[in-house]
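Engineer: Here is the input, now give the coordinates:
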Amino acid sequence: MPTQHTPVMVQEVLHFLRPGSGLYVDMTLGGGSLARAILEAAAPDARLLGLDCDDAALRLAQETLAPFSDRVTYVREDFRHLDSILADLGIEGINGVVIDPGPSMDQFADLERGFSFDGTGLDMRFDRRREQTAADLIAELSQDDLAAVIREFGEQGRAGRIAAEIVQARRRRPISDAATLAAIVRAAITAPRRGDTGKRIRPETQTFMALRSYLNDEPKALSCGIRTAAAALVPSGRICVLTYHSLEDRIAKRVLRELQRACTCPPQLPQCQCGGRQQVVILTKRPLRPCAEEVQRNPSARSAKLRAAERC
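Structural biologist: Numbering: from 1, shown residues only. Next comes the predicted model:
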């Protein structure tokens, strides 16, 4: 079955990535839609390394990228380990890299995975070789810890109330599917708060995002992945980072700014002690957003932001 995922801001990514000859890395390959666009725009001798820790995604990508089969290398691995992957493959530098984190539409469509609010399962693992699932988290975390996860990773102001409702529900019976969890969260948020404008995301969104993000260690992975990718670029090589919520975008903004600074010493030191060197030049003064036409065509693009940088 072909991939159902539509990548966002493809033309903008290609504009900054400037694919030509050399090796390009899709750190979050998914079903291969964005990788296909990169290969179509690149020189005929360009190669692509596709990383994904989801075995189902890699199978879809191999189908999507079949016309380029001799130019693509697939690796089932967490993208934060790019440095060791390149070392194992004997690769010393890459010409461009793109990071497009989070679940794909293919993963949302598989209801047993539990990413969707209508899910029949409650897994949420990107890498199903991991032992712990979202259902395990729901069953094992204390009410305080559950609230902390929802608050920190989902930026949900009603985390305490949601956690309390989840704990009450799991005392009655195990919570083993996403649809049940979504109903519990909806029940926990019954009325708008003072100051709400009416333009509200679905109440389940932040809780689901928090559990998925915590379970898969997404913030740390994104921070580490950007640093690792930037270090692997050849001079003038470029990195594109797509984000879909404020926590992700803050991480991308902070890490790229740190990589652009030559010195990371505290300002009160009389002279540099770290010996730091500027690694990248940021190409996007502000993050790019999808145009209205794209959002109308692909509503999942509405929250996307793109940041890009070039290796010094």
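
Engineer: Return the distance of R261 relative to K220.
Structural biologist: Going from R261 to K220 by Cβ to Cβ, to the nearest Å gives 21 Å. Yep, even glycine has a C-beta here, placed from its N, CA and C like the rest.

Engineer: D78 now?
Structural biologist: With the distance defined as Cβ to Cβ, D78 ends up 11 Å from K220.

Engineer: These two: who's more crowded?
Structural biologist: D78 (18 against 12; other Cβ atoms under 10 Å).

Engineer: is it true that that one touches R125?
Structural biologist: No: at 11.7 Å, D78 does not count as touching R125 under the criterion of Cβ atoms under 8 Å.

Engineer: any weak-confidence spans in this protein?
Structural biologist: Residues of the chain meeting the criterion pLDDT under 70: 1, 191-200, 264, 273-275.

Engineer: and if we set it to 90?
Structural biologist: 1-5, 69, 189-203, 262-277, 300 (pLDDT under 90).

Engineer: Please parse it into its domains.
Structural biologist: Domains of the chain are assigned by automatic domain parsing as 10-105+218-311, 110-216.

Engineer: For those, give me a markdown table that also has distance to T3.
Structural biologist: Listed next are the domains of the chain as a markdown table, based on distance: least, Cβ to Cβ, whole Å:
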| stretch | distance to T3 |
| --- | --- |
| domain 10-105+218-311 | 3 |
| domain 110-216 | 12 |
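
Engineer: Helix, strand, or coil at Y24?
Structural biologist: The three-state label given to Y24 by DSSP: H, G, I helix; E, B strand; the rest coil is strand.

Engineer: Quick check: closest non-adjacent residue to it.
Structural biologist: G96 (4.6 Å; Cβ to Cβ, 6 or more residues apart in numbering).

Engineer: That neighbour contacts H15, doesn't it?
Structural biologist: No: G96 is beyond contact range of H15, at 11.9 Å (criterion: Cβ under 8 Å).
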